[in-house]
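Student: following is a predicted model, sequence given first.
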Amino acid sequence: MGWTAASKFCLGLLPLLLLPQRDWPRAAHAPSLCYEFTLIPKPSPGQSWCEVQGQVDEKTFLSYDCGSQEVKSLSLLGEEVKGTRAWQEQVETLRDVGNLLRQQLLDVKPEKHTDRDPLPLQGRMLCQCEANGHTRASWQFGFHGQMFLLFDSENKTWTVLHPRGRRMKEKWGSDRDVTEFFRKISMGDCRSWLESFLVHWEKMLETTASPTVAAVKGQSRATVITPIAWILLVTLSCSILLGIRG
């Protein structure tokens with residue numbers, strides 16, 4: 001008996017169905033909140049010793065000066081959330097992080113670097129909320145635009161990204177208080193702020209979107225199909241097609 005079009009269609013889908021779930025395309029977007037810190041060991045007169053930029057989904061919405069403790073809203077989202085409790089808690093925590101990094105900066109100079117011209121310390125905290133409620137978070141630290149050290153907040157593990165980051169790992173990896181400080185902020189505080197900001201972000205999108213865009217947006221959310229549901233759907237469709245053709 002020859003191959004029918006339905007048979008060829010179903011067999012063509014087998015390689016996709018056999019893929020591990022981790023290799024399936026992800027329809028759900030994982031929103032993110034990121035803070036980038038820059039600390040200047042020896043600032044010039046009038047120059048801030050610490051500056052922070054905050055981003056939601058890679059869109060900058062905040063800048064913070066650790067020295068003057070001045071915070072600025074840089075977007076419509078920033079204007080929307082700057083009166084919230086999450087905004088205030090965020091600013092207080094950014095101040096604490098800046099102070100901690102300033103204290104640690106004296107002991108985390110990159111290897112083979114002289115004290116004559118100390119490099120700015122750069123740090124980046126990132127947290128993401130996945131569709132299943134899981135939080136992914138990390139910190140990266142480095143000098144002069146190159147990251148030397150990675151901290152996986154979930155597993156509390158330090159990874160050297162560059163040989164010159166070994167001293168930083170030895171210093172911070174052996175300090176439980178510092179490790180827990182970074183973990184708590186990225187896994188707990190950052191996630192809480194992100195959830196709060198996203199509520200306002202979605203309200204802004206609903207307010208500014210046209211009825212057609214809002215309807216499409218709502219429909220797309222309602223029709224997201226998970227890998228398991230897709231497998232069941234394809235299996236059922238093939239059974240029906242083969243039954244009809246048989």
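Tutor: Ah, there it is.

Student: output the lowest mean pLDDT helix or strand found in this protein.
Tutor: helix 211-222 (a mean of 42; mean pLDDT, DSSP states H and E).

Student: tell me which stretches of this structure form strands.
Tutor: Counting by DSSP state E, the chain has these strands, from start to end: 32-39, 50-56, 59-65, 70-73, 121-129, 135-143, 146-152, 157-160.

Student: can you give me the buried ones in the fourth one?
Tutor: Within strand 70-73, the residues that qualify as buried by neighbour count (16 or more other CB atoms under 10 Å) are 71, 73. Placement of C-beta: from N, CA and C, glycine included.

Student: on contacts alone, who are the packing partners of it?
Tutor: Helices and strands touching strand 70-73, by 3 or more CB pairs under 8 Å, 6 or more residues apart in numbering; DSSP states H and E, are strand 59-65.

Student: and the third one, by the same measure?
Tutor: Identification of packing neighbours for strand 59-65 by 3+ CB pairs under 8 Å, 6+ apart yields strand 50-56, strand 70-73, helix 76-81, helix 85-105.

Student: swap the cut-off to 6 Å and go again
Tutor: Of the remaining helices and strands, those touching strand 59-65 by 3 or more CB pairs under 6 Å, 6 or more residues apart in numbering; DSSP states H and E are strand 50-56, helix 76-81.

Student: equivalent analysis for the first one, please.
Tutor: Based on contacts counted as 3+ CB pairs under 6 Å, 6+ apart, the elements that strand 32-39 packs against are strand 50-56, strand 121-129.

Student: mean pLDDT and distance to Gln69 added to those, as TSV?
Tutor: Below are those laid out as TSV (pLDDT from 0 to 100; distance: least, CB to CB, whole Å):
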stretch	mean pLDDT	distance to Gln69
strand 50-56	96	10
strand 121-129	94	18
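
Student: format those strands as a markdown table; extra columns: distance to Glu206 and mean neighbour count.
Tutor: Putting the helices and strands packed on strand 32-39 into a markdown table (distance: least, CB to CB, whole Å; neighbours: other CB atoms under 10 Å) gives the following:
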| stretch | distance to Glu206 | mean neighbour count |
| --- | --- | --- |
| strand 50-56 | 16 | 21 |
| strand 121-129 | 19 | 21 |
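
Student: mind putting the ones you listed into TSV with distance to Val199?
Tutor: Converted to TSV, these look like this (distance: least, CB to CB, whole Å):
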stretch	distance to Val199
strand 50-56	12
strand 121-129	12
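
Student: which of those strands sits closest to Thr179?
Tutor: For Thr179, the closest of these is strand 121-129, at 13.8 Å, according to CB to CB.

Student: contacts for the closest one?
Tutor: 30-39, 105, 135-142, 186, 190-191, 194 (CB atoms under 6 Å, 6 or more residues apart in numbering).

Student: and the angle from that strand to strand 135-143?
Tutor: 170 degrees (axes from the mean of the first three to the mean of the last three CA atoms, to 10 degrees).

Student: now the angle from strand 121-129 to helix 85-105?
Tutor: Using the same axes, to 10 degrees: strand 121-129 against helix 85-105 is 140 degrees.

Student: pLDDT weak spots in this structure?
Tutor: 1-28, 106-117, 208-246 (pLDDT under 70).

Student: again, only this time at 50
Tutor: 1-3, 6, 9, 11, 13-27, 210-225, 230-232, 234, 241-242 (pLDDT under 50).

Student: next, the buried residues of stretch 71-81.
Tutor: 71, 73, 77-78, 80-81.

Student: excluding residues flanking it in the chain, which one is nearest Arg183?
Tutor: Excluding its sequence neighbours, the residue lying closest to Arg183 (CB to CB, 6 or more residues apart in numbering) is Ser153, at 4.8 Å.

Student: this completes my enquiry, with thanks.
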